[in-house]
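> Sharing a model prediction with you, sequence too.
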Amino acid sequence: MFVSPDRLDAWYLESGIVDAVTPSRESDVEQAVTVREAIYALVSARLAGEPFDRKALAVVNGAARKPPVAPQLTATGRWTEATPEEALSTVARHAVELLSGPDVPLMKECANPECTRVFIDRSRGMRRQWCGMESCGNKLKAAAYRARRRQAEAPAAH
């Protein structure tokens with residue numbers, strides 16, 4: 001998703017990290033990709049019950065140490081305007097909170113082998129398998145249905 005400064009800025013806005021962000025540069029994209037990959041390495045280690053990679057820890061903690069987004073109160077409510085560095089620091093801080101908080105046992109990786117998303121499973125019974133029905137769940141359910149139909153029709157062809 002972070003293929004250009006414009007896409008990175010759009011992600012910060014769409015994710016709700018900020019309400020406005022000063023335009024990113026290519027170096028901001030490179031830093032965001034580095035932090036994203038470090039977060040993914042830490043999440044993967046946590047899911048596998050393995051120790052954290054020291055380099056990934058250093059990257060995330062380094063980003064989290066920088067000043068985060070500072071929300072402001074306006075006449076119409078809360079407003080957050082940030083630089084790309086402040087937005088990335090906020091993302092890193094969210095990762096620190098997630099990976100050290102009570103939701104760790106609820107973290108799961110999407111069951112779609114083509115997806116790398118991780119989600120928090122708050123479903124009743126904790127049996128959710130996909131990051132989302134609208135993306136991966138529907139695709140996999142439809143593929144399984146088609147496979148069952150083909151299998152059921154195969155013996156009739158003999």
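Okay, I see it. Computed from a predicted model, the values in this text were never measured in an experiment. Residues are numbered from 1 along each chain as shown.
> pLDDT value on the residue nearest to Lys66 when sequence neighbours are not counted, please?
Computed as C-beta to C-beta, 6 or more residues apart in numbering, the closest residue to Lys66 that is not its neighbour in sequence is Ser89, at 4.2 Å. Backbone N, C-alpha and C define where each C-beta goes, glycine included. Ser89 is assigned 98 on the pLDDT scale.
> how close does Ser89 sit to Gly62?
10 Å (C-beta to C-beta, to the nearest Å).
> can you check Gln129 too?
Between Gln129 and Gly62 the computed distance is 34 Å (C-beta to C-beta).
> Make sure I have this right: the residue nearest to Lys66 is in a helix.
Yes. Assigned with DSSP: H, G, I helix; E, B strand; the rest coil, Ser89 falls within a helix.
> for the protein, which helix is longest?
Determined from DSSP state H, the single longest helix within the chain is helix 26-48.
> That one: which residues count as buried?
Along helix 26-48, these residues count as buried under the neighbour rule (16 or more other C-beta atoms under 10 Å): 28-29, 31-32, 34-36, 38-39, 41-43, 45-46.
> try stretch 7-22
For stretch 7-22, the neighbour count (16+ other C-beta under 10 Å) marks 8-9, 11-12, 17-19, 21 as buried.
> same deal with stretch 121-128?
Arg128.
> The chain: helices as residue ranges?
Under DSSP H, the chain gives helices at 5-14, 26-48, 54-65, 84-100, 138-153.
> any chance of those helices in TSV, with distance to Cys115 too?
Output for these, formatted as TSV (distance: least, C-beta to C-beta, whole Å):
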stretch	distance to Cys115
helix 5-14	17
helix 26-48	13
helix 54-65	21
helix 84-100	19
helix 138-153	9
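> buried residues in stretch 111-120?
112, 115, 118-119.
> Show me this protein divided up by domain.
Taking automatic domain parsing as the domain assignment, the ranges for the chain are 1-101, 105-158.
> chain center to the shortest one, what's the gap?
Okay, so that is domain 105-158. For domain 105-158, the separation from the chain centroid amounts to 19 Å (computed by C-alpha atoms, centre = their mean, to the nearest Å).
> next one: stretch 14-21
15 Å.
> Give the other helices and strands that the longest helix of the chain contacts.
Judged by 3 or more C-beta pairs under 8 Å, 6 or more residues apart in numbering; DSSP states H and E, helix 26-48 is in contact with helix 5-14, helix 54-65, helix 84-100, strand 107-109.
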